[in-house]
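# Coordinates for the following, if possible.
(2 chains)
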Amino acid sequence: MNDRLRCLPEITDHVLSGLKADESLKHQILLSAASGREKRKTSYRTVIALCCLSAVLVLLCVFALGSKPAGDIQVIPAGSRRSSPPVRLEEMIDEAAELTNP
Amino acid sequence: MFCSLLTIERSIVPEPSVSSGEVSSLTFDELYSLYATDVLRVSYYYLGDRQRAEDVTQDVFVRYLQNRPALLSGREKSWLLKVALNRCRDLWRSSWLKKVVLGHPAFELFPADDEIGKAADSIALAESVNRLPPEFKEVVLLHYYQGYGVSEIAEMLEIAEGTVSSRLSRARGRLSKELKGE
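Numbers count the residues shown, from 1 in each chain, chains lettered A, B, ... in the order given. Here you go, the predicted model:
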């Protein structure tokens, strides 16, 4: 077996002679190094993973908001609160009469 | 005959001389033309997937370009292979579940057009090496394919020399058993 394995370089040259690092691979290397992207596949997968995570988060938020019962909304009118009870029309007229005829 | 002729052909290709302490003066283009195919083929043997082997080769050389490590003269290839094997190991581990579920990827061979049909036993040996467990495969590839000694492999893989020898011996046993069974 040892003798057979000693021929592994020649065997590899024979069976993998069509597998060579060519100019296109070299070009890719230079492009990747220039753009600072060492792991092109990993970064691609990272983008997909982040997109999926964002979609899941959005769905969770929508689900959480949708499950809150409607009608609990408190209506608060604009303006300052009245401390005294509302004045009735009759009372206002009586007071006006007193003012005109003391 | 075929084996010996190729051995002569390989011996003609000049290997950079190893001189301790001297920083490598090889440019990226020189490194790529000298070692990229070796890195690609070792990665392919390891992973059995051409696309992933190309990705590993790309990662290794991009890392070299971005970090510009001060490599010692004559040790450039061992650095490239060390980084490649680390990356292969990571990919192998990360795709473990996929391999268990979908099965091991087929080890496709890429002979040149004029090489098709030669020596079926060569193909059987290459396929058997590819089927070895990763810890055996890396020592076999570094020792028999790339020609590194036991001490160099121990340094590259950061394991004891005895472990390298043991793994080589066990890998030979496995290969022998498998090839006899075919």
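# Spatially, which residue comes closest to residue B:134, not counting chain neighbours?
Nearest residue to residue B:134 in three dimensions, chain neighbours excluded: residue B:92, at 5.6 Å (Cβ to Cβ, 6 or more residues apart in numbering or on different chains). Any C-beta I mention is one placed from the backbone N, CA and C, and that applies to glycine too.
# buried sites along the helix or strand where that neighbour lies?
Counting by DSSP states H and E, the element that carries residue B:92 is helix B:76-94. Using 16 or more other Cβ atoms under 10 Å in any protein chain shown as the test for burial, helix B:76-94 gives B:76-88, B:91-92.
# Stretch B:138-149 too?
Across stretch B:138-149, burial judged by 16+ other Cβ under 10 Å covers B:138, B:139, B:140, B:141, B:142, B:143, B:144, B:145, B:146, B:148.
# would you say the third one is within a helix?
In this case it means residue B:140. Yes - counting by DSSP: H, G, I helix; E, B strand; the rest coil, residue B:140 falls inside a helix.
# That one and residue B:132 touch, don't they?
Yes - at 6.4 Å, residue B:140 and residue B:132 qualify as touching, with contact defined as Cβ atoms under 8 Å.
# Spit out the residues that contact those two alike.
B:171, B:175 (Cβ atoms under 8 Å, 6 or more residues apart in numbering or on different chains).
# circling back: which residues does the helix holding residue B:92 contact?
Residues outside helix B:76-94 that contact it (Cβ under 8 Å, 6+ apart): B:16, B:24, B:26, B:31, B:34-35, B:38-39, B:42-43, B:46-47, B:52, B:56-57, B:59-61, B:63-64, B:69, B:71, B:134, B:138, B:142, B:146, B:148, B:152, B:156-157.
# again, only using 7 Å
B:24, B:26, B:31, B:35, B:38-39, B:42-43, B:46-47, B:52, B:56, B:59-60, B:63, B:69, B:71, B:134, B:138, B:142, B:146, B:152, B:156 (Cβ atoms under 7 Å, 6 or more residues apart in numbering or on different chains).
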